[in-house]
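A.B. asks: Please find the sequence and the predicted model below.
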Amino acid sequence: MEVSLSILTIDYTKVKEQLMPLSKELKYLHLDVMDGHFVPNISFGPAFIQSLRKEFSLFFDTHLMMTHPKQYIEAFAKAGSDAITFHIEVEDDPMELIQQIHGYGIKAGVAINPKTDIKKLASILPHVDLVLVMSVQPGFGGQGFMRDSIHRVKYLFEEKKKNNYTYLISIDGGISNQTLPLVSSYVDLAVSGSYVMNAASPMDNLRNLKNIL
Ligand code: DX5
Ligand code: ZN
């Protein structure tokens, strides 16, 4: 298992200096894109990701919280994403999105909100490289972990084993040294934002998570 660090709550004027030391302990960087429509918040777009790409060789795990991802896949792929994850709740066709993302030679992921029936993913599980289970209502960092998510990652873990699927299971929202142990036997990737980035010592808290893995 690996930690995918979300920098949503970072001071954006200090992103390079704050991320540089942490990046040596990481393989994945989680990039939260918010359109102000799918979620009630706005973050950053492809230009920011492209700037980060020049500085960091990490795996860029881009999470699109957007109502219409289709028209932006190209921009986020060309900006340097290694995986693009869209939400199953969006209006665009999921299979078409997966094919579009794969067309850029990168990984395709699907994310699911806490209130969406997990079975809604059934038909696309054979086709995705990553499934991102939201353990908070998306939109903001720093929210509390929703315990129902434990059953959801367990379900995905069992489906994967039963059917020999290859997707990575990722969890996103409220992950800390207290909550990660609840899901650590089922997930491959743990997204963590404020527990690391808002800590007095981000490096210490990142290491706390890595020690659980
Ligand atoms: C929530 C985002 C998350 C968030 C995680 O909308 O998708 O990636 O930044 O932050 P924490 O770990 O603070 O919940
Ligand atoms: Zn996210």
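C.D. replies: Noted; the coordinates are in hand. Ligands and ions are numbered 1, 2, ... in the order given.
A.B. asks: Quick one: residues contacting the residue of the chain found nearest ligand 2.
C.D. replies: Across the chain, the shortest distance to ligand 2 (C-beta to the ion) belongs to residue 63, at 3.8 Å. Backbone N, C-alpha and C define where each C-beta goes, glycine included. Residue 63 makes contact with 30, 31, 32, 33, 85, 109, 111, 132, 172, 191, according to C-beta atoms under 8 Å, 6 or more residues apart in numbering.
A.B. asks: between these, which is nearest residue 74?
C.D. replies: Here the nearest of these to residue 74, counting by C-beta to C-beta, is residue 33; it sits at 13.9 Å.
A.B. asks: Which SSE is immediately downstream of the helix or strand where the residue of the chain closest to ligand 2 lies?
C.D. replies: Following DSSP states H and E, one finds residue 63 within strand 59-65. Counting by DSSP H and E, the element after strand 59-65 in chain order, helix or strand, is helix 73-78.
A.B. asks: Might you enumerate the residues of this protein proximal to ligand 2?
C.D. replies: Residues of the chain lying near ligand 2 by C-beta under 5 Å from the ion: 32, 63, 172.
A.B. asks: The first one: what's it in contact with?
C.D. replies: Read that as residue 32. 6, 8, 43, 63, 65, 141, 193.
A.B. asks: For the nearest residue to it once chain neighbours are set aside, give me the pLDDT.
C.D. replies: Excluding the flanking residues, the one nearest residue 32 by C-beta to C-beta, 6 or more residues apart in numbering is residue 8, at 4.6 Å. Looking at residue 8, its pLDDT reads 96.
A.B. asks: which stretches of this structure form strands?
C.D. replies: In the chain, the strands defined using DSSP state E lie at 2-6, 28-34, 59-65, 83-87, 107-112, 130-134, 168-172, 189-192.
A.B. asks: Out of the ones you listed, which gets nearest to residue 94?
C.D. replies: Once the strands of the chain are compared by C-beta to C-beta, strand 107-112 is nearest, at 6.6 Å.
A.B. asks: Centroid-wise, who is the farthest residue in this structure?
C.D. replies: Within the chain, residue 162 marks the point farthest from the mean C-alpha position, 24.2 Å out by C-alpha atoms, centre = their mean.
A.B. asks: what's the distance between residue 93 and residue 137?
C.D. replies: 24 Å (C-beta to C-beta, to the nearest Å).
A.B. asks: circling back: which of the contacts of residue 63 come close to ligand 1?
C.D. replies: Near ligand 1, judged by C-beta under 6 Å from any ligand atom, the entries from those are 30, 32, 172, 191.
A.B. asks: on that earlier part again, same list (the contacts of residue 32) but as a markdown table, adding distance to residue 178.
C.D. replies: Shown next, in a markdown table, are these (distance: C-beta to C-beta, whole Å):
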| residue | distance to residue 178 |
| --- | --- |
| 6 | 17 |
| 8 | 20 |
| 43 | 26 |
| 63 | 23 |
| 65 | 25 |
| 141 | 16 |
| 193 | 15 |
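A.B. asks: Now the two most distant members of these.
C.D. replies: 65 and 193 (13.2 Å).
A.B. asks: about what we covered before: quick one: which of the contacts of residue 32 has the most company?
C.D. replies: Among the contacts of residue 32, the one with the most neighbours (other C-beta atoms under 10 Å) is residue 63, at 29 neighbours.
A.B. asks: Residue of the chain closest to ligand 1, please.
C.D. replies: Proximity of the chain to ligand 1 (C-beta to the nearest ligand atom) peaks at residue 193, 2.6 Å away.
A.B. asks: Thanks a lot, catch you later.
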